[in-house]
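**Q** Return atomic coordinates for the entry below.
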Amino acid sequence: MTNILKFLTSILVVLFLVLPEAQAKFDPPENCPDIPYGEGRLWKVTSPQGISSYVFGTVHTANPKVLQVPGIIMEAFNRSHTIVLETSTGDQMVFNAAAAMFGGPGYSLKRTIPAPLFKKSAEYVKKYGIPAEFLDNLKVWAVAITLSLPPEKRKNKGPLTFLDKELEKLGKKLGKEIFPLEKPAEQLDLFDKLPLPVQTEYLEMVVRDHPKVDEQIAELTQFYLSGNTGWIFCKVENDLQETSEAFKSFMREDLLNIRNVKMVDRSLPKLEKGGLFIAVGALHLPGEKGILALLKNKGYRISKEY
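**A** So this is what the prediction gives:
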């Protein structure tokens, strides 16, 4: 893999996060009500005809603890003949999608955002090994995505892996069908369509909170490993309270609710035949508009497995 591809892969947040191991113990989010399907990482979904599949919530991460998948989840994986993922993690697909992260001829990030914001962004991206000549060519949302992740702190600098990629690799090795629900470019297009003021707000928020990024990600990791995906949902909602209505709509509707409907619709033809192991980001599972609630509304019986 070339250096440029390594860089592009490292900032595709839609594919993965390099999460630190959670050391501290974090309390549940304040004012967090009971959320439908907010406790659990693996669910069995059974059609009205009695045909079953599994839905597994992931975090797109290289955290070693997340990669240690419990046996009951792997049993469900092994019993399934089709692995359904948010997207394919193949290098070529990532590389093709990454062009969307750069501005076209004549574009300059420095001329697009306020000078203090560019200066602070330039200071922070140094920790990510991003060449200086790249920064001015990156779109506003691409810089925001980069700085919303903790800088890579792996002791072993071998090939980077993460949960979704390992599930895809194992599925292929076992001869299972791999069915991606979205393309990387399709995911990135959501950010590309954001109005510039909303992109700038996103970057301002990320720059403001960047000193706490390790703690924030560690907190979400702990919630995930404890199976409390509803807490992740609440944490996101709490963080959105001080943002604009446009940004709230983007996070709630574009990134979650609309994509949840799309994922369910694209899964249904295969779900009718059963034998699926659907692995998507854990934030897509809980809530009244989450994937599990949508499947229940279509007549599926939902039962927690783990």
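**Q** low-confidence ranges in this protein?
**A** Counting by pLDDT under 70, the chain contains low-confidence residues at 1-24, 61-62, 90-97, 152-160.
**Q** Which residue ranges of the chain form strands?
**A** Secondary structure of the chain (DSSP state E): strands located at 42-46, 52-58, 82-87, 177-182, 276-281, 301-304.
**Q** a markdown table please, covering those and showing mean neighbour count and distance to residue 295.
**A** The way it works is simple: take the backbone N, C-alpha and C, and place the C-beta from them, glycine included. What follows is these, written out as a markdown table (neighbours: other CB atoms under 10 Å; distance: least, CB to CB, whole Å):
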| stretch | mean neighbour count | distance to residue 295 |
| --- | --- | --- |
| strand 42-46 | 20 | 5 |
| strand 52-58 | 24 | 8 |
| strand 82-87 | 22 | 13 |
| strand 177-182 | 17 | 14 |
| strand 276-281 | 24 | 10 |
| strand 301-304 | 14 | 7 |
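**Q** any chance of the ones you listed in a markdown table, plus distance to residue 134?
**A** Compiled in a markdown table, the strands of the chain are given as follows (distance: least, CB to CB, whole Å):
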| stretch | distance to residue 134 |
| --- | --- |
| strand 42-46 | 39 |
| strand 52-58 | 29 |
| strand 82-87 | 23 |
| strand 177-182 | 26 |
| strand 276-281 | 27 |
| strand 301-304 | 44 |
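**Q** Out of these, the one nearest residue 242 is which?
**A** Between residue 242 and these, the tightest spacing by CB to CB is seen for strand 276-281, at 23.6 Å.
**Q** which residues sit against the closest one?
**A** Residues external to strand 276-281 that are found in contact with it (CB atoms under 8 Å, 6 or more residues apart in numbering): 53-60, 76-77, 80, 82-86, 164, 167, 181, 263, 267, 270, 291.
**Q** swap the cut-off to 7 Å and go again
**A** Here strand 276-281 makes contact (CB atoms under 7 Å, 6 or more residues apart in numbering) with 53-60, 76-77, 80, 82-86, 164, 167, 263, 267, 270, 291.
**Q** for stretch 71-87, same thing?
**A** 15, 42, 53-54, 56, 164, 167-168, 171, 176-184, 187, 267, 270, 275-281, 305-306.
**Q** 8 Å instead?
**A** 14-15, 41-42, 44, 53-54, 56, 60, 69, 93, 164, 167-168, 170-171, 174, 176-184, 186-187, 263, 267, 270, 275-281, 305-306.
**Q** how about that stretch as CSV, C-alpha atoms only?
**A** Output of stretch 71-87 as CSV, limited to C-alpha atoms (Å, rounded to 0.1, in the frame of the first residue of the first chain):
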residue,chain,number,x,y,z
GLY,A,71,-17.8,-16.9,21.5
ILE,A,72,-21.6,-16.6,21.3
ILE,A,73,-21.2,-13.9,18.7
MET,A,74,-18.7,-16.0,16.7
GLU,A,75,-21.1,-18.9,16.9
ALA,A,76,-23.7,-16.8,15.2
PHE,A,77,-21.2,-15.7,12.6
ASN,A,78,-20.2,-19.2,11.9
ARG,A,79,-23.8,-20.4,11.5
SER,A,80,-24.5,-17.7,9.0
HIS,A,81,-23.9,-18.1,5.2
THR,A,82,-24.0,-14.4,4.3
ILE,A,83,-22.1,-11.6,6.0
VAL,A,84,-23.7,-8.2,5.6
LEU,A,85,-21.5,-5.2,6.3
GLU,A,86,-22.0,-1.4,6.2
THR,A,87,-19.4,-1.2,3.4
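**Q** Residue 144: how many residues sit nearby?
**A** Using other CB atoms under 10 Å, the number of residues around residue 144 comes to 23.
**Q** Could you number the chain from 52 rather than 1 from now on?
**A** Right, with 52 as the first residue, what we last looked at is residue 195.
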